[in-house]
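In: Build me a model:
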Amino acid sequence: MEPITAGSGLPLSEKTPALRLLILAVFVVFATRLFFIQVIFGGDYRMLAERNRFQIFYRQAPRGIMFDRTGYAVATNVGVFNLYFNPLVVVEDAQRRDQEVAEVLKIRKDDLAGEIKKSRTFKRTRLVARQIPPVDAFRFLERQDLYPEFFLASESLRYYPLGNAFSHILGYLSRIQSRGAFEQLRGRGYRYDSWIGGYGLEKNLEDYLRGSDGAVLIEVDARGRPLGHANAGSDRSGGRQPQGLQLVQDSYQGGDVELTVDHRLILAAHEALLKSPGGAGSVVGLDPLTGAVLVLDSTPGFDPNGYIRLDASEIEPKRVEFSRAVTGLYPPASTFKVVTAMAALSKGLDPARRYRCTGRFDLLGRPFKCWKEGGHGLCDFFDGIKFSCDVYFYNIALFTGADTIGSWASKFSLGRPVFIREFPDLTKPGFIPTVGWREKKKGGWYPGDTLNLAIGQGEALATPLQLAVMFAMVANHGRRADPYLVRSLKNPRTGRVAWEYRPRSLTAWKIEDAPDHHWNLLEEALSKVVQEGTGQGAKIPGFAIYGKTGTAQNPRGKDHALFGCYLKDSRGVARLALSVVVEHGGQGSVAAVPVAKKILEEFIRATPDLNVSNFSFEKM
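Out: Residues are numbered from 1 along each chain as shown. The predicted model follows:
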């Protein structure tokens, strides 16, 4: 009998060796492949498996709190609910589910869809909606099991209680949104979408304020869904931690900062500027002895909380980041007469000599007017400053000379960089024209240029910060303290001071060639300005206040109003030096002086150790 045949008709017994060889070859191929997978590339595949099993969720640390000198928190943190999306969770009809979540949380569907698209593109868990109201968050939590691809997290959000008033000091935060910015910062521990200081102290103290971020691993099943909550383990605080969550790094709050400013004074300045005739301007207030910045306000400001709600690119940063107090340039106007007066005294001016003011001064056939059309009559040194008589200063300017006036301007730090220690990038030197500069640029210096310089007009420019420093120097008889904003840095976990600023000695910068009796003459004249002259609106009975008004010519509209002053306590110690600029405010006596008085009154209320009796506030 013939054996059973198959296929080609060959005997099956003859095919068996070939079939065995084929099976052996297949086995060898599979065994070799298995060896490579498990042994050679085992580590790589295990890593991929772990990546698929875990999703890492980063929690940005709360930033350090910033306090003013009274202990009031001007930049703090509040708890909010944020919505995250896990793109690895596999669901059906994802678009419909996304819309349902948007309706539950009452957020814009298009905005949510856009953020979800980014999450799916990068295949990373991503923050897709911020600052969910508690009522909406709780409503979503009731339905959490229906939407495993989403989860809510309670996180810390920056909050600025005083909004606009502190905007140019504190600045704002923004998120890292561009790939270029992320690549530059990722080596410092930042992630795409991290918060980072964008302006002000938030930017300049970023490394100290930011803290240390935390991280949690989320374990998911084969479909990408977070595991259940059974078999809980312990977290580092001793509580119970749900299965599927593994804390891999604690978050630690950033360092706290104590500032030199007083929120009460800033609020008084901000409100007074808003109510002023121009509605815009700046105030700088310094402690003359230390340089501590007590008041710093630029109006209009901006709401730094808005930068957290919006993408910073939607807000015009060039417009809102203009700090008038530090970088605004204005003609110093008659406040500059302080410089001219000291320069004239250094040249031997007799304070008793009088010059007649008829309302104009003729020089080489060209009339130069006084601000008072009818004139001031005969004026000596004290009358000239008290009534801010331009004609008096025209006369002493020709006696003194432009070079001497320019030299004294430099001694008062005008025409040279002056900045707040924490804002070295925000500085402008202003400009004081000199004879040498004019001869190089415009062909020559004329006597009329000396008259314009003497009253702070023409090409002269100064920042409000420079003017505050100038009046602080007058209060200190020529000694200058460098302005600074940060008093100390504190460790948030221990509460101990980690660093404290120690001001330099007043003798580090001093005008050496001015005798005390010159300073006394100037101070007497500045006292008369407030008691009897153009600055009477700043007078407060029982207090020693010294000041000088100014009205800066403005080719683009109404003149700017200026006032510089300082206050001494009953011991004769200078406690506060102010400069006020009201843009388009008109005369300094009308617009700037009332702003200064509001701040002076608030300072007196807040400073019980002035030791001055018989004080009563006058209604303005």
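In: where's residue 307, which helix or strand?
Out: If you go by DSSP states H and E, residue 307 is part of helix 305-309.
In: Mind giving me the packing neighbours of that helix?
Out: Here helix 305-309 touches strand 126-132, strand 150-159, strand 172-175, going by 3 or more CB pairs under 8 Å, 6 or more residues apart in numbering; DSSP states H and E. All C-beta spots, glycine's among them, are computed from the backbone N, C-alpha and C.
In: Send me it as CSV with only the CA atoms.
Out: The C-alpha coordinates for helix 305-309 follow below in CSV (Å, rounded to 0.1, in the frame of the first residue of the first chain):
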residue,chain,number,x,y,z
ASN,A,305,-3.8,90.6,38.8
GLY,A,306,-4.8,91.0,35.2
TYR,A,307,-1.6,89.5,33.9
ILE,A,308,-2.5,86.3,35.8
ARG,A,309,-5.9,86.2,34.2
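In: Now do the buried residues in that helix.
Out: For helix 305-309, the neighbour count (16 or more other CB atoms under 10 Å) marks 305, 306, 307, 308 as buried.
In: from the helices and strands packed on helix 305-309, which stretch is densest packed?
Out: Mean neighbour count (mean count of other CB atoms under 10 Å) peaks for strand 172-175 among those, with a mean of 23.
In: hmm, who's touching it?
Out: Applying CB atoms under 8 Å, 6 or more residues apart in numbering, the contact partners of strand 172-175 are 63, 158, 193-200, 202, 302, 304, 306-308, 311-312.
In: Take those residues and keep only those in helices.
Out: Counting by DSSP state H, those place 200, 202, 306, 307, 308 in helices.
In: Is the second one in contact with residue 75, as I believe?
Out: Yes: contact between residue 202 and residue 75 holds when scored by CB atoms under 8 Å: they sit 7.5 Å apart.
In: show me the contacts for residue 592.
Out: Residue 592 makes contacts with 276, 281, 549, 550, 561, 562, 563, 580, 581, 582, 585, as judged by CB under 8 Å, 6+ apart.
In: Just give the nearest non-adjacent residue to the residue most central in space within the chain, would you?
Out: Nearest residue to the geometric centre of the chain (CA atoms, centre = their mean): residue 200, 2.1 Å. Computed as CB to CB, 6 or more residues apart in numbering, the closest residue to residue 200 that is not its neighbour in sequence is residue 171, at 2.1 Å.
In: dump the residue contacts of the one you found.
Out: Taking CB under 8 Å, 6+ apart as the criterion, residue 171 is in contact with 197, 198, 199, 200, 201, 202, 203, 304.
In: Mind doing that once more with 6 Å?
Out: Contacts here follow CB atoms under 6 Å, 6 or more residues apart in numbering; on that basis residue 171 touches 199, 200, 201, 202, 203.
In: Now do the same for residue 406: helix, strand or coil?
Out: At residue 406, secondary structure determined by DSSP: H, G, I helix; E, B strand; the rest coil is helix.
In: Surely it and residue 435 touch.
Out: No: applying CB atoms under 6 Å as the test, residue 406 and residue 435 come out as separate, 7.5 Å apart.
In: Now do the end-to-end distance for stretch 406-416.
Out: One end of stretch 406-416 sits 12 Å from the other (CA to CA, to the nearest Å).
In: got the buried residues for it?
Out: Buried residues in stretch 406-416, defined by neighbour count with 16+ other CB under 10 Å: 406, 407, 408, 409, 411, 412, 413, 414, 415.
In: Let me know the distance separating the fourth one from residue 453.
Out: Same thing as residue 409. Distance, residue 409 to residue 453, using CB to CB, to the nearest Å: 8 Å.
In: confidence score at residue 48?
Out: Residue 48 carries a pLDDT score of 46 in this model.
In: and if you look at residue 132?
Out: Reading off the model, residue 132 has pLDDT 89.
In: Please name the spatially closest residue to it (chain neighbours excluded).
Out: Spatial nearest neighbour of residue 132, excluding adjacent residues (CB to CB, 6+ apart): residue 81 at 4.1 Å.
In: What's opposite that neighbour in the beta bridge?
Out: Beta-bridge pairing for residue 81 (DSSP bridges): residue 132, residue 154.
In: Now do it: how many residues are near it, please.
Out: Residues near residue 81, counting by other CB atoms under 10 Å, number 21.
In: residues in contact with residue 375?
Out: By CB under 6 Å, 6+ apart, the residues touching residue 375 are 357, 358, 359.
In: Residue 406 too?
Out: Here residue 406 is in contact with 432, 434 (CB under 6 Å, 6+ apart).
In: Closest one to residue 139 out of the buried residues of helix 305-309, please.
Out: residue 308 (23.4 Å; CB to CB).
In: Distance-wise, check residue 322 relative to residue 106.
Out: Residue 322 is 36 Å from residue 106, by CB to CB.
In: for residue 205, that is, sorry about that
Out: Noted for residue 205: a distance of 36 Å to residue 106, by CB to CB.
In: I figured residue 603 hits residue 575, correct?
Out: No: assessed by CB under 6 Å, residue 603 is found out of contact with residue 575, at 7.6 Å.
In: pLDDT at residue 119, what is it?
Out: pLDDT for residue 119: 86.
In: So for it, what's the nearest residue that isn't a sequence neighbour?
Out: Of all residues not flanking residue 119 in the chain, residue 126 sits nearest, at 3.7 Å (CB to CB, 6+ apart).
In: same question, residue 64
Out: Among residues not flanking residue 64 along the chain, residue 254 sits closest, at 3.6 Å (CB to CB, 6+ apart).
In: circling back to that earlier point, now, which of the ones in helices among the contacts of strand 172-175 sits nearest residue 506?
Out: residue 200 (28.2 Å).
In: my read: that closest one touches residue 170, true?
Out: Yes: using CB under 6 Å, residue 200 is in contact with residue 170, at 5.1 Å.
In: Lowest mean pLDDT among the helices and strands of the protein, which one is it?
Out: Within the chain, no helix or strand scores below strand 233-234, which has a mean of 36 by mean pLDDT, DSSP states H and E.
In: pLDDT on stretch 156-173, on average?
Out: What stretch 156-173 shows for mean pLDDT is 94.
In: ok so residue 338 is a helix residue?
Out: Yes: assessed with three-state DSSP, residue 338 lies in a helix.
In: In a strand, residue 585, correct?
Out: No: looking at residue 585 with three-state DSSP, it is coil, so not inside a strand.
In: Low-confidence stretches in the stretch 201-350 of the chain?
Out: Residues of the stretch 201-350 of the chain meeting the criterion pLDDT under 70: 218-248, 309-320.
In: Then the stretch 501-620 of the chain?
Out: Scanning the stretch 501-620 of the chain for pLDDT under 70 picks out 507, 611-620.
In: And the helices in it?
Out: Assigned helices in the stretch 501-620 of the chain, in chain order: 516-531, 588-606 (criterion: DSSP state H, counting those that start in this stretch).
In: Most tightly packed of those helices?
Out: Mean neighbours per residue, mean count of other CB under 10 Å, is largest over the helices of the stretch 501-620 of the chain for helix 588-606, with a mean of 23.
In: Distance from the chain centre to it, please.
Out: 24 Å (CA atoms, centre = their mean, to the nearest Å).
In: Fine by me, thanks again.
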